[in-house]
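A.B. asks: coords below, sequence missing:
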């Protein structure tokens, strides 16, 4: 059962803690970092944290990636990374054909 995500509240917390630490993460930086993660295993760091019997495979990870991208990263107020669309298209052609399918990418090129 999927739980409802309060994206605005989560982003408020994200910005609050970044400000406390004196860090800024732009939308372009967030997109770049997320897309870089797709070059590694999508599940190896999550699997050891799951309780017995809970499954989280690459399809689940791609869906979660799309949710974070569409509901959080796309709401960051700065500009989209200039290379995002090209990198997404390359990933679609080479490894994850359905990457971000059906995900609204606000302000993407």
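C.D. replies: Looks like it arrived, so ask away. The structure displayed is predicted, hence computed values, not measured ones.
A.B. asks: can you pull the buried residues of the helix or strand harbouring residue 14?
C.D. replies: Element membership for residue 14, per DSSP states H and E: helix 7-21. Buried residues in helix 7-21, defined by neighbour count with 16 or more other CB atoms under 10 Å: residue 11. Every C-beta, even on glycine, is put in place using the N, C-alpha and C of the backbone.
A.B. asks: Tell me which helix or strand comes right after it.
C.D. replies: Counting by DSSP H and E, what follows helix 7-21 is helix 27-37.
A.B. asks: List of residues touching the helix holding residue 14?
C.D. replies: 24, 25, 71, 72, 75, 76 (CB atoms under 8 Å, 6 or more residues apart in numbering).
A.B. asks: I'd assumed residue 88 was in contact with residue 100.
C.D. replies: Yes. Counting by CB atoms under 8 Å, residue 100 touches residue 88, with 6.1 Å between them.
A.B. asks: Can you report how many residues neighbour residue 56?
C.D. replies: Other residues lying near residue 56 total 14 when counted by other CB atoms under 10 Å.
A.B. asks: For it, grab phi and psi.
C.D. replies: phi -150, psi 100 (degrees, to the nearest 10).
A.B. asks: dump the residue contacts of it.
C.D. replies: 43, 46, 47, 50.
A.B. asks: try 6 Å
C.D. replies: If you count contacts by CB atoms under 6 Å, 6 or more residues apart in numbering, residue 56 has them with 43, 46, 50.
A.B. asks: Distance of the second one relative to residue 91?
C.D. replies: With the distance defined as CB to CB, to the nearest Å, residue 46 ends up 19 Å from residue 91.
A.B. asks: Ok, the last one next?
C.D. replies: In this structure, residue 50 and residue 91 are separated by 25 Å, where distance is defined by CB to CB.
A.B. asks: Among these two, which residue is more densely surrounded?
C.D. replies: Taking neighbours as other CB under 10 Å, residue 50 and residue 91 compare with residue 91 leading, 16 against 11.
A.B. asks: Need the three-state assignment for residue 93.
C.D. replies: Of the three states, residue 93 takes helix according to DSSP: H, G, I helix; E, B strand; the rest coil.
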